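A.B. asks: mind looking at a prediction? Sequence and model below.
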Amino acid sequence: MAGTERTKYGVERYFLLLIALSFFGWLYETIFVLFQTGRIRHQGFLNSPVCPIYGTAIMAAYLLLGTPNEPRGLLKSVENKPARTALYLLAAFFIPSVFELVVGVYFERRYSLMLWCYRGMPLNIYGVVCVPISLAWSLLLYGFMRWGFTPLKNAVQKIPLPAARIITVLFAALLIFDFYKNFSVL
């Protein structure tokens, strides 16, 4: 019984995976801005070291597409590997772009807050999606899903279920507080 509990990949572990992916997204943003500006500057809407848009987009890609090594859904039925890779890259272009569009437009229209801006860049959509950036994201997402996602998922799976539940509750409480605090000042 205990062995079954330990290996089950339930809601708790998916939430922890989402948090880990959001943290790595925040880290990526922080390093990118450091190289761009020469300064460490807090990126994102939340005060916590997470960018949920990254975690959410990657989790959506996983749940809809799987990984390039273990495809899901419609991709699973595509036998031709080059065609499956092309479809994966195409979906990896659209999934984060849709998240950027929805979140970016929502924050700009609802709160007059631009969380990121692609205005002035070629092929931008409402200043919150940029086709060349989205193409780069599709390649990054493909690479991460091919080589990085499964090891991260396996590491999270090694967390014993009782610990995963406690950590999930703590992180959920912190994120709820962080969201509340930031939305209350808008």
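C.D. replies: Ah, there it is. Not measured: the values here are computed from a predicted model.
A.B. asks: in terms of helices and strands, where is residue 57?
C.D. replies: helix 52-65 (DSSP states H and E).
A.B. asks: taking the mean pLDDT, what do you get for the very next helix or strand once past that helix?
C.D. replies: Once helix 52-65 ends, the next helix or strand along the chain (criterion: DSSP H and E) is helix 73-76. Averaging pLDDT along helix 73-76 gives 90.
A.B. asks: now for helix 73-76, which elements pack on it?
C.D. replies: helix 52-65, helix 81-111 (3 or more C-beta pairs under 8 Å, 6 or more residues apart in numbering; DSSP states H and E). (C-beta placed from N, C-alpha, C; glycine too.)
A.B. asks: what are the contacting residues of that helix?
C.D. replies: 64, 65, 66, 84, 87, 88, 91 (C-beta atoms under 8 Å, 6 or more residues apart in numbering).
A.B. asks: among the helices and strands packed on helix 73-76, which comes closest to residue 160?
C.D. replies: Residue 160 lies closest to helix 52-65 among the helices and strands packed on helix 73-76, at 22.0 Å (C-beta to C-beta).
A.B. asks: what angle separates that closest one from helix 81-111?
C.D. replies: Angle, helix 52-65 to helix 81-111, by axes from the mean of the first three to the mean of the last three C-alpha atoms, to 10 degrees: 140 degrees.
A.B. asks: thinking again about what came up before, which of the contacts of helix 73-76 count as buried?
C.D. replies: For the contacts of helix 73-76, a burial check counting by 16 or more other C-beta atoms under 10 Å picks out 65, 66, 84, 87, 88, 91.
A.B. asks: may I see the buried residues of stretch 132-150?
C.D. replies: Of the residues in stretch 132-150, those buried (16+ other C-beta under 10 Å) are 133, 134, 137, 138, 141, 142, 144, 145, 149.
A.B. asks: show me which pair in the residues you listed is furthest apart.
C.D. replies: Taking C-beta to C-beta, no two of those sit farther apart than 133 and 149, at 20.9 Å.
A.B. asks: so who does the nearest residue to residue 56 once chain neighbours are set aside touch?
C.D. replies: Once flanking residues are discounted, residue 56 sits nearest to residue 99: 6.3 Å by C-beta to C-beta, 6 or more residues apart in numbering. Counting by C-beta under 8 Å, 6+ apart, residue 99 makes contact with 53, 56, 57, 60.
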